[in-house]
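**Student:** I need the structure of the sequence given here:
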Amino acid sequence: MLIVLIFNSIFSLSVSLIALSEEPTPNCVNESSNKLLLQAYELQKNNNTSKALEIYKKGIDLDKSCEALYYEIGWSYWKLGEWKLVVDSWKSALKINPEHKNIKLYMDTAVENLKIINSGQKTNVFRKETALFSQSLPKDSPLQLTLIQRWQSYNKTPELISDHYDEDIFSPKSIQFSKNGESVFVHSLEGHKTVVFNQDGSQKKHVIHHSFTSKDSPLFEKRPPFDYKFSYENPNVFSGKPVESVLSHNGKYLWVTYYRRSYDELGQEPSAVSIIDTDSYKTEKVFGTGPISKYIEKSHDDKWMAISNWGDNTVSIYKIDNPNLKNIKPYQLLIVEKRPSAINRKVNRDKLCGFCIRGLAFSKDSKYLFVSRMKGGGISIFHLDKNNKFQYKATVFGIQPGTRDLHLSLDGKFLFAGCNSSGTIAKIPVEDFLTFVDRKKTQTIELTSLEISNLKILKQFIGLGVRSFKLHPTLNYIFSTSNNGSEVIMLKSDDLKVLGRIPVDSYPVGLGISPSGKYLWVSSQGKNSQGGNSVSIFLISEFLSQQIILEDTPQ
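**Tutor:** So this is what the prediction gives:
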């Protein structure tokens, strides 16, 4: 039975905890309390709320007159939605400093939320939650999903042991399985962490922190990447927000892109990509890349790594066929049609992102790179020339208004493209498509309805807000998230026919499928600080004559 719940979730109000609470000024009389204040603040900044509170309270035990400690404790309780404790903590701070401007600014909101909780009223914060062990519909579909585990940070007292509360699940963006399928990497974007689980989600294995200090300088190149420049004195001291990832070197390394460096609020500076050993979970190298790095993809011949830079219409290329990471360098910066001539330092590059390029896919022979443009539409194509340099070939419009995700079929014959704004997935025959582009002999191509028909490009509406989608590694199926509809959609990859759906926790974005094809993981990131903060694990079952063909189920 599918159950959808709307319930009070005040703690995820659109006010950002980290944004509101600036780095504290150590004003405790006791010096040890000052040290504990800063230590706890760093923990809270990385969403380690319970540990932060523990250390804040140790500071209070040493110095009960420290205004800054009470103030920061209030923000930690804000994150947990403990509104009475928020109000009580801030009242204690106001007794010490009645003119505390930030408390005056936000106290009314905390008091109002406390009144709502005490009155039993519903709030306008939206959350959609799917019950554990729900199954997809229709029941007679050849494919079925069953929700078997969940990790979330919105319900501290879940009823089932398969529903795990964990504060490290903070704005989960994407998911990557290890090559052998034994580890699953969940990237918590706002938490600056990657959380590692076993394949069926029953156990948490490790937490990778994406924070770097001056002690980590050996991990970085001495110079900025390509032709970029830094305007900060210590650019490699930052926390990174992990976005997407991909495996390289036969699964030995995990490459993780960072949305931006923590000090770069507007996304003006070069971002970065870290390389992590999948066995030790140790960060081995950090390369610079373009502003607001997003998607990352490896070529099929294991020679190239590409990263889409959302902030300035570029793609970073790295030559990765050397087994020694020290010998891997930034290789070529590709410009998608045109690069902004100048960057206004006051502009937020996340919103004013040019073509907002994101999705990447290499052709099977690794000679072509497809790049999606979410703003203005179009799929751009680069071709590898005889000198091992990628050259801009053309941009093709008319298939979808703004493609987000791109994936190649396992046999390399088809390019699948998903579009967030239109809610569609398209299927494009690669060989005929490239031949058509060659014949046009122009860099701007607008497909007509007749040309789309002649090329046998299929397009299917599947749901509002199509975000990530993945192809099953062995079977003829595609799985997609619908961000607006808060559901997972299953379809056949040959004709794009929708086979079934299942609700998932609100605002899903990313997903990953185990190499065995047995498990589907879905990350619900949330939207405007509402909903999300959840990772759902589904068992994938294919039915033939009403029998499950998968060998075993999780214990």
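
**Student:** pLDDT below threshold where in the stretch 401-550 of the chain?
**Tutor:** 528-529, 543-550 (pLDDT under 70).

**Student:** now swap in the chain and tell me
**Tutor:** Where the chain drops to pLDDT under 70, the residues are 1-22, 47, 116-117, 119-127, 341-345, 528-529, 543-555.

**Student:** middle-most residue in it, spatially?
**Tutor:** What sits nearest the mean C-alpha location of the chain, by Cα atoms, centre = their mean, is Lys173, with 2.2 Å.

**Student:** does that residue lie in a helix or a strand, and which?
**Tutor:** strand 172-177 (DSSP states H and E).

**Student:** how many neighbours does Val504 have?
**Tutor:** Residues lying near Val504 (other Cβ atoms under 10 Å) number 28. (C-beta placed from N, C-alpha, C; glycine too.)

**Student:** likewise the one 10 residues further on?
**Tutor:** As a burial measure, Ser514 scores 20 neighbours (other Cβ under 10 Å).

**Student:** list the contacts of it.
**Tutor:** Ser514 makes contacts with Phe177, Gly181, Val184, Gln199, Leu520, as judged by Cβ atoms under 8 Å, 6 or more residues apart in numbering.

**Student:** ok, it to Lys470 distance?
**Tutor:** From Ser514 across to Lys470, the span is 11 Å (Cβ to Cβ, to the nearest Å).

**Student:** next one: Ser409
**Tutor:** For Ser409, the distance to Lys470 - Cβ to Cβ - is 12 Å.

**Student:** quick one: Ser231 is in a strand?
**Tutor:** No - under DSSP: H, G, I helix; E, B strand; the rest coil, Ser231 sits outside any strand and is assigned coil.

**Student:** wait, doesn't it sit right on Glu269?
**Tutor:** Yes - using Cβ atoms under 8 Å, Ser231 is in contact with Glu269, at 6.8 Å.

**Student:** those two: which has the busier surroundings?
**Tutor:** When neighbours are counted by other Cβ under 10 Å, Glu269 comes out ahead of the other of Ser231 and Glu269, with 25 against 9.

**Student:** how would you label that one: helix, strand or coil?
**Tutor:** Taking three-state DSSP as the rule, one finds Glu269 in the coil state.

**Student:** for it, what are its contacts?
**Tutor:** Taking Cβ under 8 Å, 6+ apart, we find Glu269 in contact with Tyr228, Phe230, Ser231, Tyr232, Pro235, Arg260, Arg261, Tyr263, Pro291.

**Student:** wait, the first one sits on Pro270?
**Tutor:** Right, the one you point to is Tyr228. Yes - counting by Cβ under 8 Å, Tyr228 touches Pro270, with 4.1 Å between them.

**Student:** which residues do these two both contact?
**Tutor:** Each of Gly288, Gly290 lies in contact with both Tyr228 and Pro270 under the rule Cβ under 8 Å, 6+ apart.

**Student:** the two: who's more crowded?
**Tutor:** Using other Cβ under 10 Å as the criterion, Tyr228 and Pro270 rank with Pro270 on top: 26 against 20.

**Student:** separation between the more buried one and Pro291?
**Tutor:** Taking Cβ to Cβ, one finds Pro270 at 6 Å from Pro291.

**Student:** now Leu475
**Tutor:** Distance, Leu475 to Pro291, by Cβ to Cβ: 39 Å.

**Student:** what comes into contact with whichever strand or helix holds Thr435?
**Tutor:** Using DSSP H and E, Thr435 sits within helix 430-440. With contact meaning Cβ under 8 Å, 6+ apart, helix 430-440 is reached by 363-364, 368, 381, 393-394, 396, 408, 412-415, 445, 451, 455-457.

**Student:** what's the ChimeraX line that selects buried ones from those residues?
**Tutor:** A single ChimeraX command selects the buried members of the contacts of helix 430-440 (16 or more other Cβ atoms under 10 Å):
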select :363,364,368,381,393,394,396,408,414,415,445,455,457
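
**Student:** in contact with Trp521, which residues are there?
**Tutor:** Contacts for Trp521 (Cβ under 8 Å, 6+ apart) come out as Ile175, Phe177, Val184, Val186, Gly201, Leu511, Gly512, Ile513, Val535, Ser536, Ile537, Phe538.
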